[in-house]
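K.L.:
Mind looking at a prediction? Sequence and model below.
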Amino acid sequence: MQINGAHVLVTGANRGLGRQFVLSLLDRGAGKVYATARRPDLVDVPGVVPLRLDITDPESIAAAAAAAPDVKIVINNAGISSGANLVAGDLDTIRREMDTHFYGTLNMIRAFAPQLAGGAILNVMSAISWLAVDGAGAYHAAKAAEWALTNSVRLELAEQRTLVTGLHLGAADTDMMAWYEGDKSAPEVIVAAALDGIEAHRPEVLADDWSRQVKAWLSADPDVIYREAAAALTT
């Protein structure tokens, strides 16, 4: 799958990693970039096709698929981080996380899959897909579900030769993570790793040291995982 000349749709393209995806795609010679957002007037990158899209609204997704029938790569980047935990958190907020990261991503794939034979899907996830963090219970559950979704649709779309790539990362230097005072990766570094992964036909991209460390912990006992994670986050 080559970026050069490809027609690509990016969700959540008005800020953060989504905006960087748009810039990097243009730099790599993408033939057309649909930059989608709930408010397309906030898309400020010239040379793209702004498109209204709310991934929690099936009708909005259907309209976007009809407006972009030439897309061969879909980058599912749109997301939220509510800060809700699961036991005491607001249930509507928890559902909104799941509606965005799981059902929103799934509905995007279902709508665009028929035109993505020989194309690619990139799902932007997180190291928190694999690691629970206090204050992010809803986000962790939703991203873990999105990871399972990614692995499942990869199998389902293999016959039509659609590459399905999962991108995992730790903290990136975006407005969503402005509050975080630890190490953060530059968005252009994360996006470069993701686009390289698509071109190399990789099913999974671990974009930074933290995502690689957390993935490596998966085979360890939970006591070890959370002890080591706590130590790493406080040093």
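P.N.:
Received, thanks.

K.L.:
list the contacts for the closest residue to Ser126 other than its chain neighbours?
P.N.:
In space, Ser126 comes closest to Lys143 once its chain neighbours are excluded; the distance is 5.1 Å by Cβ to Cβ, 6 or more residues apart in numbering. Heads up, the C-betas are built off the backbone N, CA and C, glycines and all. If a contact means Cβ atoms under 8 Å, 6 or more residues apart in numbering, then Lys143 has 101, 125-126, 128-129 as its contacts.

K.L.:
can you point me to the longest helix in the chain?
P.N.:
If each helix of the chain is counted by residues according to DSSP state H, the longest one is helix 137-156.

K.L.:
Show me what counts as buried in it.
P.N.:
Judged by neighbour count using 16 or more other Cβ atoms under 10 Å, the buried positions of helix 137-156 are 137-147, 149-150, 153-154.

K.L.:
Now do that helix, average pLDDT.
P.N.:
Averaged across helix 137-156, the pLDDT comes to 98.

K.L.:
what does stretch 155-169 contact?
P.N.:
Residues from elsewhere that reach stretch 155-169 (Cβ under 8 Å, 6+ apart): 1, 113, 116-127, 129-130, 147, 150-151, 153-154, 185, 190, 193-194, 197-198, 201-208, 210-211, 214-215.

K.L.:
May I have that stretch exported as CSV, CA atoms only?
P.N.:
Extracted in CSV, the C-alpha atoms of stretch 155-169 (Å, rounded to 0.1, in the frame of the first residue of the first chain):
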residue,chain,number,x,y,z
LEU,A,155,-9.4,-11.5,9.8
GLU,A,156,-12.7,-10.7,8.3
LEU,A,157,-11.3,-8.4,5.6
ALA,A,158,-8.3,-10.5,4.7
GLU,A,159,-10.0,-12.2,1.8
GLN,A,160,-10.6,-8.8,0.1
ARG,A,161,-6.9,-7.9,0.8
THR,A,162,-7.6,-4.9,3.1
LEU,A,163,-4.7,-4.2,5.4
VAL,A,164,-5.9,-3.5,8.9
THR,A,165,-3.2,-1.8,11.1
GLY,A,166,-3.4,-1.0,14.8
LEU,A,167,-1.4,2.0,15.9
HIS,A,168,-0.4,2.1,19.6
LEU,A,169,1.4,5.0,21.4
